[in-house]
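Enquirer: Here's my sequence, what's the structure:
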Amino acid sequence: MNLNNLENLKEELKTLGFKDKVASEMEKNMQKSIPEFTLNDTLAATRGQVDITLHFKQSGQSEHYYFNKFEVAHNTGKVLEEGHKYFVISPEIPGKNNYKTFENVQEAISNFKEQKGKAELASGKDVAHKTNLATIEKGKVNYVAKEFAPTFRTPAVTQTFFVDRGSGFTAEQAANLIQGRAVYRDNMANIAGQTYQAWVKLDMDHAKDRHQNFYTNQYHVPSYGFILEKVLDKFNIKELDDAAKREALETSLKNGNRPVITTIKDGQEVKMFIEAVPRYSQLNLFAENGKPEKREQFLKEQPNQSLSTGKGKAAEKEVQQGQAI
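Expert: Next comes the predicted model:
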């Protein structure tokens, strides 16, 4: 194993925001000289979780490994408890169960559906303390637990992200993109290799490309006109009065998150979630229960009430269109 190669890959994973356990598992596979392997990571989502599959491949001419892409899958079902895994159990030998372990629910479901005889899909800390999620009898699914049915029957929303020597969308940004939100990058590159700044959002309103990836919509900075700092200044947001909190808030929004802010509603201080909506040069606000709020009530300068109702309806439509999955 080339130690410089290992060091570089660890730095790439750290830069892209993957957990330490991923780097540790990568090192174990490199030590074994496995020519090609995948690793898993997960991130919490507004609903459910995002499963991440990282792809590593060894060069055909040297012992060097490359990390060129990772896939994300947004699952809106119930999230596994900490330390739990999925199991596909198939009794190949009478009196003895054979099972495979999975961290990624879609991989577990896919493997389960490939079983030809009798099999069980379960979850838990270990097989001895499992919870049955689904069963197959004679190659046909004959049971799916009610609470697991949405996850089992609804395909995850997926996208592949490519990495160039550690440069690309971070794990956090990719997880937010697949949930339908926009992220900001200042190191986008065109065909000529020139870098530029832009907000990026997956176009989930149209069909995927031939590689089964969503196309992207880009809103260039500053030409498109959405400058986050200026839009934030239009709103009554307590955190903007503190330089450190403001910087943290802007960074979180640029990564596609829905951070919590403090504002005033009906004369009372309340907490709200906000997200950036570059397409409409706006912010969306949500109550703590996730319900969308009308942004106008949180502006420093209230809009002229004599404006036409048509404009009001258009603004309301923008709020709806800007919501995440």
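Enquirer: thought Asn213 was touching Thr160?
Expert: Yes: under the criterion of Cβ atoms under 8 Å, Asn213 makes contact with Thr160 at 5.6 Å. (Each C-beta comes from the backbone N, C-alpha and C, glycine too.)
Enquirer: gap between Asp126 and Tyr86?
Expert: Per Cβ to Cβ, to the nearest Å, Asp126 is found 12 Å from Tyr86.
Enquirer: same deal with Ala276?
Expert: To Tyr86, Ala276 is 34 Å away according to Cβ to Cβ.
Enquirer: Of these two, which one has the most company?
Expert: Ranked by neighbour count (other Cβ atoms under 10 Å), Ala276 and Tyr86 place Ala276 first, with 28 against 23.
Enquirer: After the strand or helix carrying that one, which helix or strand is next?
Expert: In this structure, Ala276 sits in strand 268-277 according to DSSP states H and E. Next helix or strand after strand 268-277 toward the C-terminus (DSSP H and E): strand 282-286.
Enquirer: Any idea how far that following strand is from the middle of the chain?
Expert: Put simply, strand 282-286 sits 19 Å off its chain's centre (Cα atoms, centre = their mean, to the nearest Å).
Enquirer: Please apply the same query to stretch 81-98.
Expert: On Cα atoms, centre = their mean, the centre of stretch 81-98 falls 28 Å from the chain's centre.
Enquirer: Just the buried residues of that stretch, please?
Expert: Applying a neighbour-count criterion of 16 or more other Cβ atoms under 10 Å, one finds His84, Lys85, Tyr86, Phe87, Val88, Ile89, Ser90 buried in stretch 81-98.
Enquirer: any chance of those residues in JSON lines, with secondary structure and pLDDT too?
Expert: Shown next, in JSON lines, are the buried residues of stretch 81-98 (DSSP: H, G, I helix; E, B strand; the rest coil; pLDDT from 0 to 100):
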{"residue": "His84", "secondary structure": "coil", "pLDDT": "91"}
{"residue": "Lys85", "secondary structure": "strand", "pLDDT": "92"}
{"residue": "Tyr86", "secondary structure": "strand", "pLDDT": "94"}
{"residue": "Phe87", "secondary structure": "strand", "pLDDT": "95"}
{"residue": "Val88", "secondary structure": "strand", "pLDDT": "94"}
{"residue": "Ile89", "secondary structure": "strand", "pLDDT": "93"}
{"residue": "Ser90", "secondary structure": "strand", "pLDDT": "88"}
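Enquirer: any idea which of those is closest to Leu285?
Expert: His84 (34.6 Å; Cβ to Cβ).
Enquirer: for that closest one, what are its contacts?
Expert: Counting by Cβ atoms under 8 Å, 6 or more residues apart in numbering, His84 makes contact with Ser123, Gly124, Lys125.
Enquirer: Nearest to Lys100 among those?
Expert: Nearest to Lys100 among the contacts of His84: Ser123, at 13.0 Å, using Cβ to Cβ.
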